[in-house]
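[1] structure for this input, please:
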Amino acid sequence: MIKNILVVIGDTPYEKNALEYAGHLAVLLGAHHLSCVFFQERRGKGNGRTLVDGVLERADAEYAQYGFLDYHVETIIGKPTEMIRQKARSADLVVLGIPESIKTDGLKLVYDQIDEILLKITKPTIVVHEQCTLVRKILTVYHGDGYSDRVLELATEFGERTKASLLGLAIAETEPEALRFAQYMQDYLKYHEVEAEFMTKLGFTVTNVLETAAEQDCDLIALSASHHNRLYEMIFNSTTETVVKLANRAVMVVR
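    Residues are numbered from 1 along each chain as shown. Model (predicted):
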């Protein structure tokens, strides 16, 4: 059950969008607390202090509309990647913004900060692009392992609490196997109050995930995190991390 949501805030358009998205999501999920964190690598002086004050005031103004929402805002000095990982330990869900420039800059065969965060954080993480909207339909990617079970479980909780529908995308190497995964999802969802439909695709590829999300008008993509080690991630982008970077909608990465 999602009780505490951690959101990374700041002065960029994507961080402002994450701030707004997290507030709406907290209300929809009935989360008990929202932790807003602004990271600085060093203490601000002069204009830096003004920036901090502006970010904190924006958070207060955004969440004032939810009189019943329990939240707190804090500034933390330190490198964001490491500090996000530490703060995430006390959260049930993490919300991060991502710049649209990641679609080109982050697709080079280099180790990007978002890869580092997704590799190290063990809690479910929603990566929010600048044009993301509220949750109405969740693309739930399932390819038959224990990680996919957790994706289905969390997406179902989201669907029940936000009243969003689910599109179960069963992915496998053969059609019979994909059909078996789709049936498993259908059997699981029998006991939950979620509107759902199901599709099958062959191959866990970026194209299969992104094209399905676009064609079916899904607002949120839910899929499992990469299972590769750090050395692999430093050389290649996994399917999951590439989906995160190329998507024009929110992506929930689940371990």
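[2] CA atoms for contacts and neighbours, from now on please.
    Fine.
[3] burial measure for the residue lying closest to A247 once chain neighbours are set aside, as a count.
    Spatially, and ignoring its direct neighbours in sequence, A247 is nearest to L210 (6.6 Å; C-alpha to C-alpha, 6 or more residues apart in numbering). As a burial measure, L210 scores 20 neighbours (other C-alpha atoms under 10 Å).
[4] quick one: buried residues of the helix or strand hosting L210?
    Using DSSP states H and E, L210 maps to helix 206-215. Buried residues in helix 206-215, counted by 16 or more other C-alpha atoms under 10 Å: 206, 209-210, 212-213.
[5] quick one: name whatever helix or strand follows that helix.
    Downstream of helix 206-215 (by DSSP H and E), the next one is strand 220-224.
[6] for that next one, packing partners?
    Applying 3 or more C-alpha pairs under 8 Å, 6 or more residues apart in numbering; DSSP states H and E, one finds that strand 220-224 contacts strand 137-142, helix 146-162, strand 250-254.
[7] so which of these is nearest H129?
    strand 250-254 (6.1 Å; C-alpha to C-alpha).
[8] give me the angle between the closest one and strand 220-224.
    Strand 250-254 runs at 20 degrees relative to strand 220-224, counting by axes from the mean of the first three to the mean of the last three C-alpha atoms, to 10 degrees.
[9] got the CA coordinates for strand 250-254 in CSV?
    Presented in CSV, the C-alpha positions along strand 250-254 are these (Å, rounded to 0.1, in the frame of the first residue of the first chain):
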residue,chain,number,x,y,z
ALA,A,250,4.8,8.7,-17.4
VAL,A,251,6.7,5.4,-16.8
MET,A,252,6.6,3.4,-13.6
VAL,A,253,9.6,1.2,-13.1
VAL,A,254,9.1,-1.6,-10.6
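[10] so that it lines up with my notes, have the first residue be 507 from now on.
    With 507 as the first residue, the last one maps to strand 756-760.
[11] roughly how far is that strand from the heart of the chain?
    3 Å (C-alpha atoms, centre = their mean, to the nearest Å).
[12] helices or strands up against it?
    strand 631-634, helix 652-668, strand 726-730, helix 745-752.
[13] and it, which strands flank it?
    strand 631-634 (antiparallel), strand 726-730 (parallel) (DSSP bridges).
[14] how about JSON lines for these, with mean neighbour count, mean pLDDT and distance to E701 added?
    Formatted as JSON lines, the strands paired with strand 756-760 follow (neighbours: other C-alpha atoms under 10 Å; pLDDT from 0 to 100; distance: least, C-alpha to C-alpha, whole Å):
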{"stretch": "strand 631-634", "mean neighbour count": "26", "mean pLDDT": "94", "distance to E701": "22"}
{"stretch": "strand 726-730", "mean neighbour count": "26", "mean pLDDT": "95", "distance to E701": "15"}
